[in-house]
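Trainee: sequence and predicted structure, then a few things I'm wondering about:
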Amino acid sequence: MKKSIIYSLIILMAAFYACDPIENRDSNDLPIGADELEVSATPVVVNGVNSNKVVLKNMSPVNSEWNYGIGITRKSVDTVLMVVTGPSTISFTGLNPDGSYVTKDISVTVDELTFPVPPQWGLLCGSGSKTWVWDETASSVWGNGGYLGCYAPCWWTNDKASMDSNDPDFGSNGSLTFSISGASLVKSNESGSNQVSGSFSFDMSKTTDDGNGGLWAVGKLNTKNVTVLAGKAPNNGDAPIYEYDILQLDEDKLYLGWPEPGAGAWGTAWFWMYRAQ
């Protein structure tokens, strides 16, 4: 008799739990909308003003992707560095458990650059965006020369006018516009009828010694989905180039280099000479 009672209780308990509504167990898997997001972007206040460090927080049950203009972070909580003052928009994209996306833009205002900003942002992008063109004041604007030995085309040299034939899609009056917002790079011909957009990043810790105690390159510039003007490797089937050595970067000059694969000292390198428009 006792065994029968125990078996009956087990069956009743199993039936009870089996009838538990499926919706309750799966409620955490339901997607949320933008109005349900619990996300924030808050500048760190220093001496009563908004600094250029911003704390990002996502308290919602979605995976995170924050686009803060010059970069992306996928952490739920992070602190990022802004590089300009004034209002900016930080875009949040969340990935719901069902695979759908939810987005929200958050406006933040930076009062001062309290924390140091790499000066290359200002040199390359100005106060927001900056346009660069072929430097006709240089002896040549594009060509090749010796890796680690030359700092400009010194073997096969081409002047600005020649770029109409050497880079016909963008011509001698083509331009490159670097923007802080989205770390975007736009390559354009003179009329604007042909444009290619992408993004860029740089790493000034990746310098290159010249082998004689000096620096050949002061950093690296990387581009994505777009090359610089004539950003191709003529001896490699005109393959696009997306990583460049920065030979010089100041308010007026942007000089780039790229060694062919496997090049050693005085092997073949290519050079691009631009000036601020």
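Mentor: Arrived safely, thanks for sending.
Trainee: now the helices for the stretch 1-150 of the chain?
Mentor: In the stretch 1-150 of the chain, the segments counted as helices under DSSP state H, counting those that start in this stretch are 2-18, 22-25, 119-125.
Trainee: which stretch in the ones you listed has the least confidence?
Mentor: Least confident of these, judged by mean pLDDT, is helix 22-25 with a mean of 36.
Trainee: I'd say Glu136 and Lys160 touch.
Mentor: Yes - counting by C-beta atoms under 8 Å, Glu136 does reach Lys160; the two are 4.3 Å apart. In this view, the C-beta of every residue, glycine as well, is placed from N, C-alpha and C.
Trainee: who has more neighbours, those two?
Mentor: Using other C-beta atoms under 10 Å as the criterion, Glu136 and Lys160 rank with Lys160 on top: 19 against 13.
Trainee: for Met82, which non-adjacent residue is spatially closest?
Mentor: Excluding the flanking residues, the one nearest Met82 by C-beta to C-beta, 6 or more residues apart in numbering is Asn52, at 4.4 Å.
Trainee: mind listing what that neighbour touches?
Mentor: The contact partners of Asn52, taken as C-beta atoms under 8 Å, 6 or more residues apart in numbering, are 43, 81-83, 85, 110, 112-115, 117.
Trainee: any low-confidence regions in the stretch 101-250 of the chain?
Mentor: For the stretch 101-250 of the chain, no stretch is flagged by pLDDT under 70.
Trainee: can you give me the strands for it?
Mentor: All strands of the stretch 101-250 of the chain, identified by DSSP state E, counting those that start in this stretch, fall at 101-110, 129-134, 142-146, 157-158, 175-179, 184-188, 195-203, 208-209, 215-217, 219-224, 232-233, 239-240, 243-249.
Trainee: now what about the last one, what contacts it?
Mentor: Taking contacts as C-beta under 8 Å, 6+ apart, the residues outside strand 243-249 that touch it are 120, 123-124, 151, 202, 204, 208, 216-223, 228, 231, 254-259, 271-272.
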